[in-house]
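Engineer: Mind looking at a prediction? Sequence and model below.
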Amino acid sequence: MSEAHRGRILAMGGGGFTMDDPSPALDALVLSLTRQPVPKVCFLPTASGDPRDQATRFYERFGSWSCEPSILSLFHLARDRVDPVAHLLAQHAIYVGGGSMRNLLAVWREHGIDRALRRAWDGGVVLAGLSAGAMCWFEGGISMSAGTPEPVRGLGLLDGSLSVHLDGERQRLPVYRAAVASGELSPGYAADDGAALLFEGAGLAECVASRAGARVLRVAPDGFGGAIEEALPVRLLARPGDAEAIERDVVGELRDLRAGGGRWK
């Protein structure tokens, strides 16, 4: 599949509506990346077992914006009577929540969601997520599914690896360094809560953040049995306290798209 046709991927170290991020900047970016006037956005809360509180928070944030929000619960397919693959392929953006990366991937494979997500990405759908929902797009990441940090393989849509919650769960980074140094995980990135990596197709376009000071590190072997880290430039999406301004801007951009003005490049 040509890179020109593949969708974008927004991989967040943490933040967004499920973590009570006071800034809606990262969530707003998910919608803007679709370049659609009224985008269809589906939330996949599989990694946390489809908890009701995450569904409530999702609708509270996205329900007031110009979009068509929906939730796909793989634990309630009999109740909801929805074809999960068809539903995902009809979206403009798919937003994956955090939780257990190991459990997330196991459930997805049982339902063919792993293959559906690759098809969606190849067709231009925006893929986004935080924590487990960010690491899953890479070849691997550092999961806390078993209670302690350990390397876990991902879907492999993106080359390399990702470790999340760099500032919030500091026990992950030493394990990540060791896994990259030994070759158990490919070189990759570590991201703070509130920081995110934006990929155009499979290539890193930029790093962004919803708060000042949020970091993204590039991590690679140093050739001597250890790992080296490089801080990448991070663009601040909004200043603290700008929640209302962000929401006004999102509404305005979507309105321009519907009118044919198209402020997004």
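Structural biologist: Noted; the coordinates are in hand. Numbering: from 1, shown residues only.
Engineer: switch to C-alpha atoms for all contacts and neighbour counts from now on
Structural biologist: Noted.
Engineer: got any ranges where this structure has weak pLDDT?
Structural biologist: Along the chain, segments meeting pLDDT under 70 span 1-4, 78, 80, 239-265.
Engineer: Now do the helices in it.
Structural biologist: Taking DSSP state H, the helices of the chain run over residues 25-34, 52-62, 77-80, 84-89, 101-111, 113-122, 132-135, 172-182, 243-259.
Engineer: Pick the most deeply packed of those helices.
Structural biologist: Sort those by mean neighbour count, taking mean count of other CA atoms under 10 Å, and helix 132-135 sits at the top with a mean of 30.
Engineer: Distance-wise, check residue 10 relative to residue 228.
Structural biologist: Distance check for residue 10 against residue 228: by CA to CA, to the nearest Å, it reads 24 Å.
Engineer: Those two: which is more packed in?
Structural biologist: Neighbours per residue, other CA atoms under 10 Å: of residue 10 and residue 228, the larger number sits with residue 10, 28 against 15.
Engineer: Among the helices of the chain, which comes closest to residue 232?
Structural biologist: Closest of these to residue 232 is helix 172-182, at 16.3 Å (criterion: CA to CA).
Engineer: just to revisit the earlier point, would TSV of the helices of the chain with distance to residue 153 be doable?
Structural biologist: Listed next are these as TSV, based on distance: least, CA to CA, whole Å:
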stretch	distance to residue 153
helix 25-34	25
helix 52-62	25
helix 77-80	26
helix 84-89	22
helix 101-111	8
helix 113-122	13
helix 132-135	9
helix 172-182	12
helix 243-259	35
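Engineer: from what I can see residue 176 touches residue 143, true?
Structural biologist: No. Residue 176 lies out of contact with residue 143 (CA atoms under 8 Å); the separation is 9.9 Å.
Engineer: Identify the contacts common to these two.
Structural biologist: Common contact partners of residue 176 and residue 143 (CA atoms under 8 Å, 6 or more residues apart in numbering): residue 151.
Engineer: quick one: the residue positioned nearest the centre of the chain and residue 226, what's the gap?
Structural biologist: When the chain is reduced to its mean C-alpha position, the closest residue under CA atoms, centre = their mean turns out to be residue 129, at 2.1 Å. Distance of residue 129 to residue 226, computed by CA to CA: 29 Å.
Engineer: show me the contacts for the residue nearest to the centre of the chain.
Structural biologist: Residue 129 neighbours (CA under 8 Å, 6+ apart): 10, 11, 12, 95, 96, 97, 98.
Engineer: Tell me who's in contact with the last one.
Structural biologist: Residues touching residue 98, when contacts are defined by CA under 8 Å, 6+ apart, comprise 45, 47, 48, 129, 130, 131, 132, 133, 134.
Engineer: which residues touch the last one?
Structural biologist: Just to be clear, that refers to residue 134. Contacts of residue 134 (CA under 8 Å, 6+ apart): 10, 11, 12, 13, 96, 98, 128, 162, 164.
Engineer: again, 10 Å this time
Structural biologist: Going by CA atoms under 10 Å, 6 or more residues apart in numbering, residue 134 touches 9-14, 95-98, 101, 127-128, 141, 154, 162-164, 196-197.
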